[in-house]
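Asks: For reference, the sequence and a predicted model appear below.
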Amino acid sequence: MAFLRLSNIGKIYVSEGNVTVGIRGVNLSFEKGEFVAITGESGSGKSTLLNVLSGMDTYEEGELYIEEQSTSHYLQPDWEEYREQYISFIFQNYNILESFTVLQNVELALMTISDPIERRKRAIELIERVGLKKHMRQKGSQLSGGQKQRTVIARALAKDSPIILADEPTGNLDSQTSREIIALLREVSKDKLLIMVTHSYDQVSEFATRHIRVYDGAVESDQVITEPETKEYPEEEKKGKASVLSNGLLLGRSIFFAKPKLSTFLCFLLLIGTFGVFLITMFCGDAQLLFEKNYMFRPMEGRLVITSQDGSLITEDQLKGLADKYGAKRGTRYDYLYDMRQFHNGEFYLTCGEDFGTPDIGRYPEKPNEMFLRLPLFYQQWYGTDSLLIDHVTVGESQYPICGIKYITDNTQDLLVLMTEEGFETLSTFVMMQKSISLNKVSCDGTDRSDLIRRLGMVCVDPYIDPDKIYYSDPVFLKTLKAGGDVSAVFRAIATYEADYLSDDRYTFMTFGKDTFLAEDPGGMPVTNSLETTYCRVGIRVAKQLCEPYLQSNYHQASLFFDSDRQAKNAAKGLRDDGYITATSKTTYSLNLGDIIGMVFAGFLYLIIWILGITFIAFFINMCTNRTVGAFSEDIAIMRSMGIPVKVIRVGIYVRMLICIVPSLILLPVVAWLIYHYPRWNGRMRYLQPWQYVVILAGMMFLTVRVTRKQIKNLFGTSVKKSLRGGEEE
């Protein structure tokens, strides 16, 4: 049984309508142990025959058998596997990977060895055998012709294939080196089939066991010089296939470091693309607001808003009982300010009972008149870094002292002002009462109180004075107070003068005793133009006393706070059974048609801008990376000719490109962190959430894979023979 057999093999080339015969009617059989020398004139078909034997070129006629197995049905993947299992090729033009070192060239042929230490050891042994130990760290481009040829021979030996094909391996070498190379080839091919194309039979006559002469595409003569030994060679073991992934990782890393300048360029290119996507996403960040849910209340973790189904009021004791029954950590009777925006150097919400982490300045509030701010980092330029530049917050006509600040990098978060529970409840009552002024007529126990409410519109809470005191700025009142006169009478006279239909029993101020009023201006909070015309300033407890009778009769809503939204939802079921209407703070409402149309139009506009930006970046990356394909096409062809599986090469190319994107994966979060921690930039660039960075980087990886896939299609769209410098037909 012949090891390798050709039966009536013919190869035809068609180019621009011209038909050329490469070889025709070739009938040859080969056995292991043979050293076959093929000679012939230039263009006689020697190299074509070798290309057919190696599977780098197809045949149109006849049949090629390997171990009596037909190959006429082979497709490209089958030929790739055939070269992987059977063929080692030594080219006249070396086809060395010039950007790889000698050691890397040889290690590529040893991919079947999964242990990297054993692979390296075997490669060094083979390099020593061809006399290149001193040069094994040199790249192929730095070697002489003889050194390149020795490297290729070491690579062929490393693969340890049963068939070694050599195309003019000594054509560029001097006579002494040529003899050494041929002797080495003969030595290592005792149990293999060695077929060598040579221009001079005399060079190999000492070692050849068979001489075949080719003329005009056909076998002119076939002379057996020495019969191969008749001993039985052990059946060739099919080489084990190491992991495609592990070999692909090894190859990809080698490709990346083999061309450092090109790899650096690709890293920089992908870095530009990544930051381009980042900037587009960030500047289109307002589009995210269009897709946010429309909440009825300010979303707060674990908040549950309740009211009675029958319209009855919820008392403090009732709220406390519900909190104990359903495991709420706290309850707020007057929760209006949680959902009402205030304004002071920007819109903010008032809150209580929340933890913002360690303060950057000052401390958390301890008194009911103190406020603690949670602000985006860019507010440092106004509020200070180590000490406060602004010491108060204005709510309505009142100015509250700031006791501390916590800065956050997320500039999309609401500005929050934290108070103690007592301070929050007191301010809530007063703000809600003032808000009711616009109603003109307010009912309190069935009594018309519109005049009282108008009067309260000229009252402000002064957190700086005694919480239980009132400072009334009318000169007549102050004079009477200092003289020890009847304050109530004077106060009633002033009230009647301004609203002559007021009766004594309906004016809330009359319930306060003489000691409640201050005879001299206590200084209090900083005075603004509006405060100069304010009737009176009241302490925060006085404010609550003024307003609470109205709120106790008219405010029907309250809030319970749980540790999580899940607990709040579970409690809502029981509360509904108890006769309450409930809604978590994340309950949404539907938009009207006009709002929906506007949102759709704005969202579409943002989407178009984002898509156009991403498309431009993708086109830019694709255009630039396509320019790099040529730098790898020959290397890829050499790897294919070596029998490295196409799957491994594909994985290697993907790995190389993914390594190129690693700097982007590292630098984008780092730069983003620096941007958002630098106050000036924090205010200019919309904060992106971690999931958005994951989307950006995943998108860039997807784009990289898509571009690489297109490159691979171009790289593998050309046959091995056409891609190789030494693969031209003769």
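Replies: Great, that's in hand.

Asks: In this model D310 seems to touch I581, though I could be wrong.
Replies: No: between I581 and D310 there is no contact under C-beta atoms under 8 Å: 10.0 Å. C-beta here means a position set from N, CA and C on the backbone, and glycine is covered the same way.

Asks: The two: which has the busier surroundings?
Replies: I581 (15 against 8; other C-beta atoms under 10 Å).

Asks: Show me what that one is bridged to.
Replies: On the basis of DSSP bridges, I581 is bridged to T307.

Asks: how near is it to H556?
Replies: From I581 over to H556 the distance is 10 Å, taken as C-beta to C-beta, to the nearest Å.

Asks: so what sits against both of those two?
Replies: Counting by C-beta atoms under 8 Å, 6 or more residues apart in numbering, the common neighbours of I581 and H556 are 307-308.

Asks: How about the contacts made by the nearest residue to D414 once chain neighbours are set aside?
Replies: Leaving out its chain neighbours, the residue that sits closest to D414 by C-beta to C-beta, 6 or more residues apart in numbering is Y349, at 5.5 Å. Residues in contact with Y349 (C-beta under 8 Å, 6+ apart) are 298, 337-342, 414-417.

Asks: Check what pLDDT P365 gets.
Replies: Per-residue pLDDT puts P365 at 95.

Asks: Give me the secondary structure label for it.
Replies: At P365 the chain is in coil, as set by DSSP: H, G, I helix; E, B strand; the rest coil.

Asks: from what I can see it touches E421, true?
Replies: No: using C-beta under 8 Å, P365 is not in contact with E421, being 9.9 Å away.

Asks: Show me which of those two is the more surrounded one.
Replies: P365 (24 against 14).

Asks: any idea how far the more buried one lies from M623?
Replies: 59 Å.

Asks: got the residue ranges for the helices in the stretch 201-350 of the chain?
Replies: Ranges of helices in the stretch 201-350 of the chain, per DSSP state H, counting those that start in this stretch, are 244-258, 260-283, 287-290, 316-326.

Asks: Distance to K479 and mean neighbour count added to the ones you listed, as CSV?
Replies: Shown next, in CSV, are those (distance: least, C-beta to C-beta, whole Å; neighbours: other C-beta atoms under 10 Å):
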stretch, distance to K479, mean neighbour count
helix 244-258, 90, 19
helix 260-283, 63, 18
helix 287-290, 57, 15
helix 316-326, 41, 15
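
Asks: among the ones you listed, which gets the worst mean confidence?
Replies: What stands lowest among these, in mean pLDDT terms, is helix 287-290, with a mean of 57.

Asks: ok, back up a step: which one of the contacts of Y349 is nearest to E16?
Replies: Using C-beta to C-beta, D414 comes nearest to E16 of the contacts of Y349, at 72.8 Å.

Asks: The closest one contacts L350, doesn't it?
Replies: No: with contact defined as C-beta under 8 Å, D414 does not count as touching L350 (10.8 Å).

Asks: Tell me which of the two has more neighbours.
Replies: L350 (24 against 14).

Asks: Name the nearest residue to that one, sequence neighbours excluded.
Replies: Here the residue nearest L350, using C-beta to C-beta, 6+ apart, is L337, at 4.4 Å.

Asks: I'd like to know how many residues surround that neighbour.
Replies: L337: 24 neighbours (other C-beta under 10 Å).

Asks: who are the neighbours in contact with it?
Replies: Taking C-beta under 8 Å, 6+ apart, one finds 349-351, 424, 427-428, 431-432 in contact with L337.

Asks: separation between it and E425?
Replies: Taken as C-beta to C-beta, the span from L337 to E425 is 9 Å.

Asks: do the same with N51
Replies: From N51 across to E425, the span is 91 Å (C-beta to C-beta).

Asks: now I272
Replies: 55 Å.

Asks: again, but for S398
Replies: 15 Å.

Asks: now H135
Replies: 84 Å.

Asks: which of those two has more neighbours?
Replies: The neighbour comparison of H135 against E425 (other C-beta under 10 Å) goes to E425, with 22 against 18.

Asks: okay, that one: pLDDT?
Replies: Value for E425, per-residue pLDDT: 83.

Asks: got a list of what the nearest residue in space to it that is not next to it in sequence touches?
Replies: Leaving aside its sequence neighbours, E425 sits nearest to Y334 (C-beta to C-beta, 6+ apart; 5.6 Å). By C-beta under 8 Å, 6+ apart, the residues touching Y334 are 425, 428-429, 432, 551, 555, 558.

Asks: how about a cut-off of 10 Å?
Replies: The contact partners of Y334, taken as C-beta atoms under 10 Å, 6 or more residues apart in numbering, are 316, 424-429, 431-432, 544, 547-548, 551-552, 555, 557-559.

Asks: Quick check: the gap between it and S553.
Replies: Per C-beta to C-beta, Y334 is found 13 Å from S553.

Asks: same check, this time on F91
Replies: Taken as C-beta to C-beta, the span from F91 to S553 is 99 Å.

Asks: More neighbours: those two, which one.
Replies: F91 (25 against 14).

Asks: now for the contacts of L337, which pair is the farthest apart?
Replies: T351 and M432 (15.8 Å).

Asks: ok, the contacts of L337 vs I117, which is closest?
Replies: Distances from I117 to these, taken by C-beta to C-beta, are shortest for T351, at 61.8 Å.

Asks: partner residues bridging that closest one?
Replies: Beta-bridge partners, per DSSP bridges, of T351: L418.

Asks: Tell me if I'm right that it and D414 touch.
Replies: Yes: between T351 and D414 there is a contact under C-beta atoms under 10 Å: 9.3 Å.

Asks: what is in contact with the two at once?
Replies: 298, 374.

Asks: quick one on the thing from earlier: and of the helices of the stretch 201-350 of the chain, who's closest to V629?
Replies: Relative to V629, the nearest member of these by C-beta to C-beta is helix 260-283, separated by 10.9 Å.

Asks: what's the angle from that closest one to helix 244-258?
Replies: If you take axes from the mean of the first three to the mean of the last three C-alpha atoms, to 10 degrees, helix 260-283 sits at 100 degrees to helix 244-258.

Asks: where does the stretch 601-730 of the chain have low pLDDT?
Replies: Within the stretch 601-730 of the chain, the set of residues satisfying pLDDT under 70 comprises 601-603, 606, 630, 717-719, 721-730.

Asks: let's see 50
Replies: 726-730 (pLDDT under 50).

Asks: can you give me the helices in it?
Replies: Using DSSP H, counting those that start in this stretch, helices in the stretch 601-730 of the chain cover 646-676, 679-682, 690-715, 720-723.

Asks: and if you look at the stretch 51-200 of the chain?
Replies: Counting by DSSP H, counting those that start in this stretch, the helices of the stretch 51-200 of the chain are 76-86, 102-108, 116-129, 145-159, 175-188.

Asks: Since that was my last question, I'll sign off now.
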